[in-house]
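J.: all I have is the shape, not the residue letters:
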């Protein structure tokens, strides 16, 4: 409604201004007279009022709305940026926490692996020591058995030699009981030495 009244007033002023000027045609010098200055001032004031009314009712609300929308958009973008910064910060903290946990778990796994390796190594050493002791005992038994067998063979050969020597010395044949007696005496003398 205000727009219609402003437009009507502006139309009236524009129509009447040329008629008012034409009615009283005066000669214009380099400097206008007061009457001529009033007409120009009135026309300028009317044009200014029309322009201000038009700008105030049509243009300024659009500019104001645009500025308000821009301000709202900037504020929402600032809030979104702040939220994104907070999310990035929390994501970084979460990442660092997960990294620390993973590092801790890795260290724990390494420690467990080292402990398992130490236990396995100790078990293998104990088994090797047991096997070595068993082999040593077996070797000692075999050595002892071989020693007894060698001594028995030596005693048998010694008895045979002693019987042969005794038979030559006595110049008679040594029978089985004499040979056995000599053998036992020879074995007894070897065992005592």
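T.: Received the coordinates, thanks. Computed from a predicted model, the values in this text were never measured in an experiment.
J.: for residue 100, report the pLDDT, please.
T.: Predicted confidence (pLDDT) for residue 100: 94.
J.: do the same with residue 22
T.: On the pLDDT scale, residue 22 gets 51.
J.: ok, now the one 5 residues further on?
T.: On pLDDT, residue 27 comes in at 67.
J.: heads up, I number from 20, so please use that
T.: In the new count, where the first residue is 20, that last one comes out as residue 46.
J.: distance of the residue nearest the centre of the chain from residue 127?
T.: Geometric centre of the chain, nearest residue: residue 118, 4.5 Å, by CA atoms, centre = their mean. From residue 118 across to residue 127, the span is 15 Å (CB to CB, to the nearest Å). C-beta: built from backbone N, CA, C; applies to glycine.
J.: what segments of the protein are strands?
T.: Per DSSP state E, the chain carries no strands over any range.
J.: for it, just list every one of the helices.
T.: For the chain, the helices defined by DSSP state H cover 21-42, 53-73, 79-189, 195-211.
J.: avg pLDDT for stretch 203-212?
T.: Stretch 203-212 comes out at a mean pLDDT of 66.
J.: worst mean pLDDT among the helices of the chain?
T.: Among the helices of the chain, helix 21-42 scores lowest, at a mean of 58.
J.: domains of this protein?
T.: 21-136, 161-211 (automatic domain parsing).
J.: and the gap between residue 126 and residue 138?
T.: As judged by CB to CB, residue 126 and residue 138 stand 19 Å apart.
J.: please read the previous query as pertaining to residue 147.
T.: Distance, residue 147 to residue 138, using CB to CB: 15 Å.
J.: also residue 113?
T.: From residue 113 over to residue 138 the distance is 37 Å, taken as CB to CB.
J.: residue 67 now?
T.: For residue 67, the distance to residue 138 equals 100 Å [CB to CB].
J.: same deal with residue 57?
T.: Distance of residue 57 to residue 138, computed by CB to CB: 115 Å.
J.: same thing with residue 155?
T.: In terms of CB to CB, residue 155 sits 26 Å off from residue 138.
J.: can you pull the contacts of residue 139?
T.: With CB atoms under 8 Å, 6 or more residues apart in numbering as the criterion, no residue contacts residue 139.
J.: err, residue 100, not the other one
T.: Per CB under 8 Å, 6+ apart, neighbours of residue 100: none.
J.: now stretch 66-74: buried residues?
T.: 69, 72 (16 or more other CB atoms under 10 Å).
J.: run the chain-centre distance for it.
T.: Centroid displacement of stretch 66-74 relative to its chain, using CA atoms, centre = their mean, to the nearest Å, is 68 Å.
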